[in-house]
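S.K.: give the three-dimensional model of this entry:
(2 chains)
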Amino acid sequence: AQKITQTQPGMFVQEKEAVTLDCTYDTSDQSYGLFWYKQPSSGEMIFLIYQGSYDEQNATEGRYSLNFQKARKSANLVISASQLGDSAMYFCAMRELGQGAQKLVFGQGTRLTINP
Amino acid sequence: EAGVAQSPRYKIIEKRQSVAFWCNPISGHATLYWYQQILGQGPKLLIQFQNNGVVDDSQLPKDRFSAERLKGVDSTLKIQPAKLEDSAVYLCASSFSRNNEKLFFGSGTQLSVL
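M.R.: The predicted structure follows:
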């Protein structure tokens, strides 16, 4: 069974600093996708970045990058030059891409607070 | 492009009452998902539709929860009768296909069962 672990319940960072949010995963599948979503206080889940298990390069999307270490089964999110608007809950998620329903499973989340 | 629409935004009911949530996915998205997010936890998949067929409902409490997507477009999730532990945010999401990596989420319905 697939499992996602986010060990940081909360993170506090000064504005303009970089921040790394940790995520480890467990799966027996060779083909899977890793996602990060942001959930502000409004409640909507906002897609940030995606990494496929066979992608050789780390994914990047603007200020977001994913530090993918396949052997360690980790997929940490790095936010560069943090902004006040980055304050939100962040969820790591995984989807096995083989046959079947390809369920997207979420971790418990990390609450990020950016201080001015 | 219009996003995933959900209603109502908030709902307060007493235990043993019934409640229904509505979701309209992004136009053209074949796959629709209902997630339950209890306070302080990540979302948990309740049911996944591919067009109007159920792909995965393994975590849906079928004795009280039901969902349908009759015409392969919008969907309704129902709880009957509600329990205190059903208090949560119910998120609807859609994607272009089962293989598409990006899910688009609605703003959710916050349910409080008293």
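
S.K.: okay, and the beta partners of A:Thr5?
M.R.: A:Thr24 (DSSP bridges).

S.K.: please enumerate the helices of chain A.
M.R.: Under the criterion DSSP state H, chain A carries no helices.

S.K.: contact residues of it facing chain B?
M.R.: Listed as neighbours of chain B in chain A under the rule C-beta under 8 Å from any C-beta of the partner chain: A:4, A:33, A:35, A:37, A:42-47, A:50, A:52, A:91, A:93, A:95, A:97, A:100-109. From N, CA and C alone the C-beta is placed, and that goes for glycine too.

S.K.: would you list the buried entries among these?
M.R.: Buried members of those, scored by 16 or more other C-beta atoms under 10 Å in any protein chain shown, are A:4, A:33, A:35, A:37, A:43-45, A:47, A:50, A:91, A:93, A:95, A:97, A:101-109.

S.K.: quick one: strands adjacent to the helix or strand of chain B with the lowest mean pLDDT?
M.R.: Ranking every helix and strand in chain B by mean pLDDT, DSSP states H and E puts strand B:53-56 at the bottom, with a mean of 90. Strand B:53-56 pairs in its sheet with strand B:44-50 (antiparallel), by DSSP bridges.

S.K.: give the rounded mean pLDDT of the helix or strand following the least confident helix or strand of chain B.
M.R.: In the C-terminal direction, the helix or strand that comes right after strand B:53-56 (DSSP states H and E) is strand B:65-68. Strand B:65-68 comes out with an average pLDDT of 96.

S.K.: other SSEs contacting strand B:65-68?
M.R.: strand B:44-50, strand B:75-79 (3 or more C-beta pairs under 8 Å, 6 or more residues apart in numbering or on different chains; DSSP states H and E).

S.K.: run the chain-centre distance for the longest one.
M.R.: When you say that, I think you mean strand B:44-50. 8 Å (C-alpha atoms, centre = their mean, to the nearest Å).

S.K.: same question, stretch A:40-56
M.R.: 6 Å.

S.K.: returning to what we had before: redo the helices and strands packed on strand B:65-68 as CSV? Include mean pLDDT.
M.R.: Below are those laid out as CSV (pLDDT from 0 to 100):
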stretch, mean pLDDT
strand B:44-50, 93
strand B:75-79, 97
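
S.K.: tell me the helices and strands packed up against the least confident helix or strand in chain A by mean pLDDT.
M.R.: The weakest-scoring helix or strand in chain A, judged by mean pLDDT, DSSP H and E, is strand A:104-106 (a mean of 89). Applying 3+ C-beta pairs under 8 Å, 6+ apart, we find strand A:104-106 packed against strand A:3-5, strand A:88-96, strand B:44-50.
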